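J.: Give me coordinates for this.
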Amino acid sequence: MPGSQVINIALVGIGTIGKRHLIAIDQVDDINLSGIVDLSEQAQSFCHEKNIPLYKNLSDLKNKCDIHGVVISTPTVLHHENAITALKLGLDVLIEKPISATVSEAEEIVKIGNKQNCKILVGHQRRFYPLVMQAKNIIENGEIGKILGLSGVWALRKDKDYFDPEWRKKISAGPVITNLIHDLDYLRFIFGDIDSVSAYSSNIVNNFEKEDIITTNLKFKNGLLGNFLITDCGTSPWSWETSTGENIHLPHLKENNLKIIGTEGSLEFPNLKLWKYKNKGQNWKDEINKIQIETKDIDPYVSQINHFKDVIKRKVEPITSALDAKNTLKVALSILESAKNGKIINI
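T.: Residues are numbered from 1 along each chain as shown. So this is what the prediction gives:
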């Protein structure tokens, strides 16, 4: 088990999100990138330019380097294979979300991780934001009373080049699995587990296998009701990424895309805007007041890599375990199942 020495990690997959992890790794002390595993021509050019060792498989890299952990940032359909390979080599893993393409694959990752005594962190990086914990505290402290419902939108128009790879046209790379799953994770983190879902979807824009737009209703175990509309073909200022500035390639618009309604107040999220009655008002005839809540601005990917380092050192448990991520995946897949079959799906 590594102590205070430098932690050596490998990166499997150097696409868009892999490069984002690489930026974070470069900003964290006492962690070293030993090499990248990727078979693409783009990876060869990138690693040659950056003078980073490139390997065809993880076993070769491990044979040449003393590595302690692996960051997996390949397409979702490859997560299971890559994770199992790393775990069987005795390595802790940080798997980019979602943990896998299917629930059964996620369950095998959990099983092998336990058998190998390896730690698994899944890359739902939004849990590292102070604003998420602040929202959770506001809810749990009863500051806006009993929570009744929530309504969210994630709507961005992805560029045509984004869909050039065939795998991005599949259901496993649609906006539910790629984007909404982040929202499902922080919703479960703040409000608890989701009991059932219903959904409608359409692919009338691109006519790919994956959905172009989907709307879903959520029923939480605590009785809270919610809904979300999501599309990767629509133009709007409403998304987590444009609200927080998380994606450095997108405009930072600071428009909130989620509204949470309680009996004693409401909360706009993620830029926390609290609405409550002034002077102990009690109903719609009374004046309502806006309170802007400020939180610290951080890079969640840097925080995540720091956390992964501490997980490898056995200082902390993963903030998002494989089992937790499996449950979020199950909700996302249930939404797609509901849209396909026109039925309410109990989780």
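
J.: Render the CA-only coordinates of the host helix or strand of Asn137 in PDB, please.
T.: Here Asn137 sits within helix 130-140, counting by DSSP states H and E. The C-alpha coordinates for helix 130-140 follow below in PDB (Å, rounded to 0.1, in the frame of the first residue of the first chain):
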ATOM      1  CA  PRO A 130     -19.200  22.700  -2.600                       C
ATOM      2  CA  LEU A 131     -22.400  23.900  -4.100                       C
ATOM      3  CA  VAL A 132     -23.800  20.300  -4.100                       C
ATOM      4  CA  MET A 133     -23.000  19.800  -0.500                       C
ATOM      5  CA  GLN A 134     -24.500  23.300   0.300                       C
ATOM      6  CA  ALA A 135     -27.700  22.300  -1.500                       C
ATOM      7  CA  LYS A 136     -27.800  19.000   0.400                       C
ATOM      8  CA  ASN A 137     -27.400  20.900   3.700                       C
ATOM      9  CA  ILE A 138     -30.200  23.300   2.800                       C
ATOM     10  CA  ILE A 139     -32.500  20.500   2.100                       C
ATOM     11  CA  GLU A 140     -31.600  18.300   5.100                       C
END
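
J.: just for the stretch 1-150 of the chain, where's the confidence low?
T.: In the prediction, the stretch 1-150 of the chain carries residues with pLDDT under 70 at positions 1-4.

J.: Give me the helices and strands touching the helix or strand Glu107 falls within, please.
T.: Here Glu107 sits within helix 103-116, counting by DSSP H and E. Secondary-structure packing of helix 103-116 (3 or more Cβ pairs under 8 Å, 6 or more residues apart in numbering; DSSP states H and E): helix 79-88, strand 120-123, helix 322-341. All C-beta atoms are positioned from the backbone trio N, CA, C, and that covers glycine.

J.: so what pLDDT did the residue lying farthest from the centre of the chain get?
T.: Within the chain, the residue lying farthest from the chain centre (Cα atoms, centre = their mean) is Lys285, at 40.4 Å. Note on Lys285: pLDDT of 95.

J.: and the gap between it and Tyr277?
T.: Lys285 sits 10 Å away from Tyr277, going by Cβ to Cβ, to the nearest Å.

J.: where exactly do the helices run in the protein?
T.: Taking DSSP state H, the helices of the chain run over residues 16-25, 41-50, 58-64, 79-88, 103-116, 130-140, 175, 181-191, 240-244, 300-312, 322-341.

J.: All good on my end, thank you.
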